[in-house]
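Trainee: Prediction below, plus the sequence it came from.
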Amino acid sequence: MAESKSLRVAYGEALAELGARNGKVVVLDADLSHATMTSIFAAKFPERFFNFGLAEANMMGAAAGFAHSELIPFASTFALFGTGRAYEQIRNSISYPNANVKFGLSHSGLSVGEDGASHQSIEDIALMRVLPGMTIFVPCDPIETRKAVFAAAAIDGPVYIRVARPVIDVITREETPFIPGKANIMREGTDVCIMATGLMVKDALKAAEQLAVKGISAGVVNFHTIKPLDEECILTMAAKCKAIVTVEEHSIIGGLGSAVAEVLAGRANVKFARLGIKDKFGRSGKPVDLFKAYGLTADDIEKQCLVLVQL
Amino acid sequence: MDNQVLLEKANAIRADIIEMLFRCQSGHPGGSLSCVEILIALYYKVAKVDPANPSWGQRDRIVLSKGHGCPTLYAILADKGYFPREDLWNLRQIDSHLQGHPDMRKTPGVDASTGSLGQGASVAVGLALAAKYKKAGYKVYAILGDGETQEGMVWEAAMSAAHYKLDNLVFILDHNGLQIDGSNDQVMSLGDIMAKFQAFGFECKRVDGHDIDQIASAVSALVSGKPLFVLAETIKGKGVSFMENQAGWHGKPINAEEYKVAMNELKGTQNG
């Protein structure tokens, strides 16, 4: 079995592997290369690594310049400062001209933990989702992170890869296909379908196990791609299951839950609930304690599924 | 191209700008008129470009970071043959490839989508850094507005240009002294802008921004190991008497009477 590792380490290793295969790949960072782990790439290809210092806006604008020069820049910093501080640079200099820029942004979500609310990006998916032409990957484990990096490089246009900080167990297989825009059904079920993304996929699987013990048939779908969203899968699950529960380490406004709701509205008759951060900021704490405090554990998912199924 | 021809060219470009902006009843006359000679110096004297092959890999890149000045860019691109001159009269209209601010995906010859101030400076840094990395010999010219330098990211871009010793990059400042709400000094003083760029590590030159020869020679004076900053002293609204040095003409529609007066002035200069 592949080893557990932090997704940012998986990201850095994948970049170095990609760099060895594709000479067009360059990497940009904003003084966080030892946190985003682009340092792994930098050590191997120092002449292809560009540090922009603490200047995310300039880094994103410059990334567009690299892309306009037929290179494939991967720009990295923390998710909050990339999608937040440099939002308008991404919007106007990258997304609008469909520049071939990739941003692997780490330390996303509540799982940043102790650094607290100022560093916990819980709105990045919402911000990126409204940009035309943007692809959004949220890998759930190290294997998927590597695949997301390679898939991003193969796409002509901007791609956001949401990278989480904690050490994560492997829950997917090397041979599992990673097709952008195609959700992976990880477990079949008929009573309720849990649609999860990123770190929440493993808890969704655990919740499904717990539900099985209680005689409830719960499916789990891994949405490694938030955009383009696999609408067909959502509508198929809505027809097949009595209920759908979405789970994400992100605000319930604008993320996976909202995206699924937009697909379901007016098109499906299914019980539906969203689990995520309920329109509030995060705070300091160990990730495990934060997930408990914000209602994002396997038990919380199980509880929500039971409520809908028993309605 | 000799200087007399270029002087006439400047007038013809100004007439095109007025014609375009009168027809669309919107857009930015003041800042378009102030950067005419800067863009003429680049497109007719300095930059290596090929209108027949707008995406020629070795071309010099020109980034109009003050994207609202795009009528000037469009008039020049049309004159150079990037697209038919008639297209100019559809500026800002639905289905026109000439957008209110430059769009590199729509208009042949536009090297960067700009309009949100400050961003072109960073895109230019990326272009110049990529050129160095690729060991390509082309140069990158970015034209900035003076109000634009109030954007913090211009200074992020400046810092990185010096850090990476981008001696293939030229920032040209269209220093007309005015912005939407008044003069630079009333709104947010730029202070000694030359000294600031110098302190950031640029080689700096000051020119009369309406003297094509001065501009051409200054932007060509790159020195090894440093980016170049050219302060072009300009007049907002240059060439149309009632628009000159008027902040109010930053983005005001031109009425029929004003159009007539402006065209008479420009055509008069052309003939005389």
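Mentor: Right, received. Where do you want to start?
Trainee: And the residue nearest to residue B:93 when sequence neighbours are not counted, its phi and psi?
Mentor: Distances taken as CB to CB, 6 or more residues apart in numbering or on different chains place residue B:24 nearest to residue B:93, at 6.7 Å, with adjacent residues excluded. Any C-beta I mention is one placed from the backbone N, CA and C, and that applies to glycine too. Note on residue B:24: its backbone torsions stand at phi -90, psi -10 [degrees, to the nearest 10].
Trainee: Tell me, how many residues neighbour residue B:24?
Mentor: 19 (other CB atoms under 10 Å in any protein chain shown).
Trainee: go on, residue A:82?
Mentor: Counted with other CB under 10 Å, residue A:82 comes out at 32.
Trainee: Same check on the one 3 residues further on?
Mentor: The tally of other residues near residue A:85 (other CB under 10 Å) stands at 16.
Trainee: just residue B:185 next, same as before
Mentor: 11.
Trainee: And the residue of the stretch 101-250 of chain B found nearest chain A, how far from residue A:161?
Mentor: In the stretch 101-250 of chain B, the residue that lies nearest chain A is residue B:126 (2.0 Å; CB to the nearest CB). As defined by CB to CB, to the nearest Å, residue B:126 lies at a distance of 20 Å from residue A:161.
Trainee: These two - which one has more neighbours?
Mentor: The neighbour count for residue B:126 versus residue A:161, taken as other CB under 10 Å, is higher for residue B:126 (35 against 26).
Trainee: Could you report the distance from the closest residue to the more buried one other than its chain neighbours to residue A:11?
Mentor: Using CB to CB, 6+ apart and skipping residues adjacent in sequence, the residue nearest residue B:126 is residue A:65, 2.0 Å away. According to CB to CB, residue A:65 stands 23 Å off from residue A:11.
Trainee: related to what we said a few turns ago, you'd agree the residue nearest to residue B:126 is in a helix?
Mentor: Yes. According to DSSP: H, G, I helix; E, B strand; the rest coil, residue A:65 belongs to a helix.
Trainee: list the contacts for it?
Mentor: B:112, B:122, B:123, B:124, B:125, B:126, B:127, B:128, B:129, B:130 (CB atoms under 8 Å, 6 or more residues apart in numbering or on different chains).
Trainee: could you dump those residues to a markdown table with pLDDT and secondary structure?
Mentor: Below are those laid out as a markdown table (pLDDT from 0 to 100; DSSP: H, G, I helix; E, B strand; the rest coil):
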| residue | pLDDT | secondary structure |
| --- | --- | --- |
| B:112 | 98 | coil |
| B:122 | 98 | helix |
| B:123 | 98 | helix |
| B:124 | 98 | helix |
| B:125 | 98 | helix |
| B:126 | 98 | helix |
| B:127 | 98 | helix |
| B:128 | 98 | helix |
| B:129 | 98 | helix |
| B:130 | 98 | helix |
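Trainee: so which pair among those residues is furthest apart in space?
Mentor: Spanning the widest gap among the contacts of residue A:65 are B:112 and B:129, at 14.0 Å by CB to CB.
Trainee: May I have the phi/psi pair for the closest residue in space to residue A:132 that isn't next to it in sequence?
Mentor: In space, residue A:132 comes closest to residue A:95 once its chain neighbours are excluded; the distance is 6.6 Å by CB to CB, 6+ apart. For residue A:95, the backbone dihedrals (degrees, to the nearest 10) come out as phi -70, psi -50.
Trainee: Tell me where the chain has helices.
Mentor: In the absence of a named chain, chain A is used. A:7-21, A:33-36, A:39-44, A:56-68, A:79, A:87-89, A:124-129, A:142-154, A:200-213, A:231-240, A:256-264, A:287-293, A:298-310 (DSSP state H).
Trainee: let's do chain B instead
Mentor: B:3-24, B:29-34, B:36-40, B:70-80, B:119-133, B:152-163, B:184-187, B:193-199, B:212-219, B:256-271.
Trainee: any idea which of these scores lowest on pLDDT?
Mentor: When the helices of chain B are compared by mean pLDDT, helix B:256-271 comes last with a mean of 87.
Trainee: any idea how far the residue nearest to residue B:126 is from residue B:127?
Mentor: To residue B:127, residue A:65 is 4 Å away according to CB to CB.
Trainee: Now do the shared contacts for these two.
Mentor: Both residue A:65 and residue B:127 are in contact with residue B:112, where contact means CB under 8 Å, 6+ apart.
Trainee: Around chain B, pick out the residues from chain A.
Mentor: A:26, A:47-48, A:50, A:52-53, A:55, A:57-71, A:73, A:88-89, A:92-93, A:96-98 (CB under 8 Å from any CB of the partner chain).
Trainee: Emit the ChimeraX select command for whichever of the residues you listed are buried.
Mentor: In ChimeraX, this line selects whichever of the residues of chain A next to chain B come out buried by 16 or more other CB atoms under 10 Å in any protein chain shown:
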select /A:26,48,50,52,55,57,58,59,60,61,62,63,64,65,66,67,68,69,71,73,89,92,93,96,97,98
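Trainee: Could you give the separation of stretch A:207-218 from the chain centroid?
Mentor: Offset of stretch A:207-218 from its chain centre (CA atoms, centre = their mean, to the nearest Å): 26 Å.
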